[in-house]
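**Student:** I'll drop the sequence and a predicted model, then ask my questions.
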Amino acid sequence: MSKENGMKTEAESLTLEQPQQQNAGLEQQNKQQARELAELSAKLKWYEEQFRLAQQKRFGASSEKTHPDQLELNLFNEAEVLATPEGQEPLTEKVTYERRKTSGKWKADLSKLPVGDRRVQPERRRAGMSVLRRFSA
């Protein structure tokens, strides 16, 4: 019986050692995953901050400030500002100029070209591939 008790304690110790080793392995894996989670969380925060800064730079208010006098510019009321008040005649200006008329110039250019009669006869077309060979060559 002592042999059997010794065997049971040995078997029990083997079965107790296996869960303890497995537990130690799982604890080690848990610590490693916790480190990775912390590292990835830090990276995510960094990328979110970079994205926020890029969006602010792209769509945010610019640092250039407008002068109060610039706000009073009448850019879109230009016609009203330039219009003459009632009772005054608008200033008029008379423009005169002379221009030489150059008519018939193109006819003179065509008159220099040679004129002659020339008749062109259409070629007889052959049926089949011979016509295609002529164009492909």
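**Tutor:** Done, it's in. Numbering: from 1, shown residues only.

**Student:** per-residue pLDDT of Glu39, please?
**Tutor:** Model confidence at Glu39, given as pLDDT, is 97.

**Student:** pull the helix or strand with minimum mean pLDDT from the protein.
**Tutor:** Least confident element among the helices and strands of the chain, by mean pLDDT, DSSP states H and E: helix 129-136 (a mean of 53).

**Student:** mind checking what secondary structure Ser62 has?
**Tutor:** coil (DSSP: H, G, I helix; E, B strand; the rest coil).

**Student:** low-confidence ranges, the chain, go.
**Tutor:** Low-confidence regions of the chain, defined here as pLDDT under 70, cover residues 1-14, 63, 67-78, 81, 84, 90, 102-111, 124-137.

**Student:** in it, where's the longest helix?
**Tutor:** The helix spanning the most residues in the chain, taking DSSP state H as the definition, is helix 2-59.

**Student:** elements contacting it?
**Tutor:** Taking 3 or more CB pairs under 8 Å, 6 or more residues apart in numbering; DSSP states H and E as the contact definition, helix 2-59 has no neighbouring helices or strands. To be clear about C-beta, it is placed using only N, CA and C from the backbone, and glycine gets the same treatment.

**Student:** residues near Leu40, how many?
**Tutor:** Here the count is done by other CB atoms under 10 Å, and Leu40 has 10 residues near it.

**Student:** that one and Gln21: what is the separation?
**Tutor:** Using CB to CB, to the nearest Å, one gets 29 Å for the distance from Leu40 to Gln21.

**Student:** next: Glu89.
**Tutor:** Look at Glu89 and Gln21: by CB to CB, they are 109 Å apart.

**Student:** which one's more surrounded, those two?
**Tutor:** Neighbour comparison, Glu89 and Gln21: the larger count goes to Gln21, with 10 against 6 (by other CB under 10 Å).

**Student:** what residues are up against the more buried one?
**Tutor:** Listed by CB atoms under 8 Å, 6 or more residues apart in numbering, Gln21 has no contact partners.

**Student:** what about it, distance to Asn30?
**Tutor:** From Gln21 across to Asn30, the span is 15 Å (CB to CB).

**Student:** give me every residue that touches Ser41.
**Tutor:** No residues are in contact with Ser41 under the rule CB under 8 Å, 6+ apart.
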